[in-house]
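Asks: just a sequence and a predicted model for now, questions to come.
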Amino acid sequence: MSRSSLGKWSGAVACAGAMLVGAGGAEVSATPLTPFRYEAQAQRHCPHDRVVWLDFRKGVYYRKGQKRYGQGFEGSFVCQSEARDGFYRRSLLGLR
């Protein structure tokens, strides 16, 4: 390797390192979900909020009265505000 190519290489490495360090400074905060097996447990956790059934695989939540509320093996009961803050969307299936 020549001296000029070595200088370019070390400059690229320094630039990439600076970008990684700079990217680590930005913090991303998300509201953690508190999943519950039973509806009553979730209601005690968030007494002033609505409890919804969150389907993790589909990324949607169902409200009480919808057909898929409380059904499936890949979901849990959570507070509606936590589901919304976690960027899960509301399912429109079964709404009248």
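Replies: Happy to help now that I have it. Numbers count the residues shown, from 1 in each chain.

Asks: show me where this protein has helices.
Replies: Here the chain has its helices, by DSSP state H, at 3-24, 39-45, 80-85.

Asks: now Ser91, nearest residue through space, not along the chain?
Replies: Leaving out its chain neighbours, the residue that sits closest to Ser91 by CB to CB, 6 or more residues apart in numbering is Val60, at 4.2 Å. Bear in mind the C-beta positions are built from the backbone N, C-alpha and C, glycine included.

Asks: what bridges to the one you found?
Replies: Per DSSP bridges, the residues bridged to Val60 are Asp55, Arg89.

Asks: returning to that earlier point: mean pLDDT lowest for which of the helices of the chain?
Replies: In terms of average pLDDT, helix 3-24 trails the rest of the helices of the chain, at a mean of 45.

Asks: hang on, the earlier thing: so for the residue nearest to Ser91, what pLDDT did the model give?
Replies: At Val60, pLDDT is 95.

Asks: I figured it was touching Tyr88, is that so?
Replies: Yes. Using CB atoms under 8 Å, Val60 is in contact with Tyr88, at 6.3 Å.

Asks: quick check: neighbours shared by these two?
Replies: Leu54 (CB atoms under 8 Å, 6 or more residues apart in numbering).

Asks: now do the same contact list for Glu74.
Replies: Applying CB under 8 Å, 6+ apart, the residues contacting Glu74 are Asp55, Phe56, Arg57.

Asks: by neighbour count, which of the residues you listed wins?
Replies: Asp55 (18 neighbours; other CB atoms under 10 Å).

Asks: ok, now how distant is it from Pro47?
Replies: The gap separating Asp55 from Pro47 is 24 Å, by CB to CB, to the nearest Å.

Asks: with Ala40 instead?
Replies: Distance from Ala40 to Pro47, by CB to CB: 11 Å.

Asks: in terms of neighbours, single out the busier of the two.
Replies: Ala40 (11 against 7).
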